[in-house]
Every structure is written in structure tokens, then in C-alpha cells.
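Undergrad: Turn this into a model:
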Amino acid sequence: MRVAIASDIHGNRHAFEAVISAAEKADVEELWCLGDLVGYGAEPDACVALAANHCSLTLAGNHDLAVTGRLPIDDFSKGAALAVRWTQEVMTQAALDFLGGLQPTGVAESIGLFHASPRDPVWEYVLSALAAELCLDVTRNRVTLIGHSHVALSFHRLEGEPATGSTRRPGEAADLSKGEWLLNPGSVGQPRDSDPRAAWLLLDTTARRAEWRRESYDIAGAQAAIRAARLPDSLAERLRHGQ
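TA: Numbering: from 1, shown residues only. Have a look, this model is predicted:
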């Protein structure tokens, strides 16, 4: 089965629409979202509607959990906490109810799904081989999908060997037929790897192959929405730089 994997949308409708369009052109059969539909960006309701209409599986991210009151915002940065409060004020009840029904973990096609990591589905950033090693030790699935870090990357471990990993550029692919894998598609709505384009992952569960992809989108439109909402200008400016 061909699946599009998206994560960390963060209220960026323009980026999410670009990924959905590209996924449809790639003839995917399903779209899975690893969480954080809201947060930072200014169009949370639109992003929830897109997920409800296009995603066959959606997880809750830490921002989604905070907006629905299931997670305190004490550990959020000042800008993130402000965005959470603004999102709570502007979202429709129907969109909040949708977020309220999501969980940060799941499984599909024998693949483990976590917003952040198998060790901590809500908060852990898996950015090192050591963190990946510890996560692979606890996951029950040979292939695991994670988000949260906003960086496209993968970690791989063969039996009897330590985990290794690297960031992933557009067009790079991985043969998943051997060993254990942690795969991160990167962020749709707020990439942090110096590439401002929306990131996603094309996963073929039959061929056991993953390919990292990027899509250009209307960054200026997303920035304008943030500024019109009077959210911190830094949230708009960082979209241009992929940081």
C-alpha cells in the first residue's frame, strides 16, 4: 500500500494543501498524520477539516493535546503558549471535538505510529543515534514512524549493530526490508532544517520503501494569515527560512 505520511501541520493550511495535492498525484491510497494539526499557525480549523476529510489516520500531538486541555502549557515556550491560548479562543467546537478524540499513538499495517517517540509519545525529540537506540529497544514494531522534531530523518539498526541515522533530503529513499527503522517525515507546516518547503514521506508498505519529499507552497499567504491574527511575527518570519 502506498501511504503519505504528514506531521506537524501547525495550522498552516497552505502547506497542508500542497502536501495533500502532491500525495494525490502520487497515487497514494491513504494519508496518515502524526499529529500537531494546530499550534503556531493561524488556520487551525481549516487544517482540522483537511485532516478529517483526507486522513484515514490522525494522531494527537502535544499542541493538539494542549489546545484541548489535556496537557498543561507550563512546558511550552512563550510563543507556543501564546499560540495555544489564541487557538483555544478561535477554534470551533466541532474542530476541538475532533482534536479531543485523537491519541498520540497508533498502529497501522504493522507499523508503529507515535507523535514524538515510542518512549515518550508526546514530548521526546529523537535527534540522536543514542535516543533512537533507546526507542528501538522499546518499540514492538520493526518500522516506526515519528514526528515532533520538525526534521526529516531516519535511524536504522541491524541485528547486533548500533543504530545509525541521518537527516534526509528530498528524493532520498530508504530500503526498509532489513533491520529496524525509525522514520520522521519532517514538518509540513514549520520545517526546521533550513528548507522552508513542506515535508512529507511517501511510504510503500508492500515494496518496503520510503522516500522523503518536499513541496513548495504559498509561504507569503501563510505568513499573512499569522500576521492578520496578530500572533508573534517570529512565527511568520521563520517560515521563510525553514527554522
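
Undergrad: separation between the nearest residue to Asp218 once chain neighbours are set aside and Arg192?
TA: Among residues not flanking Asp218 along the chain, His14 sits closest, at 4.4 Å (C-beta to C-beta, 6 or more residues apart in numbering). No exception for glycine: its C-beta is placed from N, CA and C like everyone else's. As judged by C-beta to C-beta, to the nearest Å, His14 and Arg192 stand 18 Å apart.

Undergrad: of these two, who's got more company?
TA: Each of His14 and Arg192 has its neighbours counted (other C-beta atoms under 10 Å); His14 has more, 21 against 17.

Undergrad: Let me know the helix or strand that that one is in.
TA: Per DSSP states H and E: His14 is located in helix 13-25.

Undergrad: Kindly report the same for Leu145.
TA: Leu145 belongs to strand 143-146 when assigned by DSSP H and E.

Undergrad: Can you list the strands that that strand pairs with?
TA: strand 111-114 (parallel), strand 180-185 (parallel) (DSSP bridges).

Undergrad: Ok, which of those comes nearest Leu127?
TA: Shortest distance between Leu127 and those, using C-beta to C-beta, is found for strand 180-185: 9.2 Å.

Undergrad: Could you tell me the angle between that closest one and helix 13-25?
TA: 120 degrees (axes from the mean of the first three to the mean of the last three C-alpha atoms, to 10 degrees).

Undergrad: Show residues contacting strand 180-185.
TA: Under the contact criterion C-beta atoms under 8 Å, 6 or more residues apart in numbering, strand 180-185 has outside partners 5-7, 34, 126, 132, 135-136, 139, 142-147, 149, 151-157, 163, 165, 174, 199-201, 203, 210, 212.

Undergrad: Give me the distance from that strand to the chain's centre.
TA: Relative to its parent chain, strand 180-185 has a centroid offset of 12 Å by C-alpha atoms, centre = their mean, to the nearest Å.

Undergrad: what do you get for stretch 132-152?
TA: Taking C-alpha atoms, centre = their mean, one finds stretch 132-152 lying 13 Å from the centre of the chain it belongs to.

Undergrad: What number of residues are in the vicinity of Gly101?
TA: Gly101: 10 surrounding residues under other C-beta under 10 Å.

Undergrad: measure it to Gly171 for me?
TA: Taken as C-beta to C-beta, the span from Gly101 to Gly171 is 36 Å.

Undergrad: now Ala46
TA: Going from Ala46 to Gly171 by C-beta to C-beta gives 29 Å.
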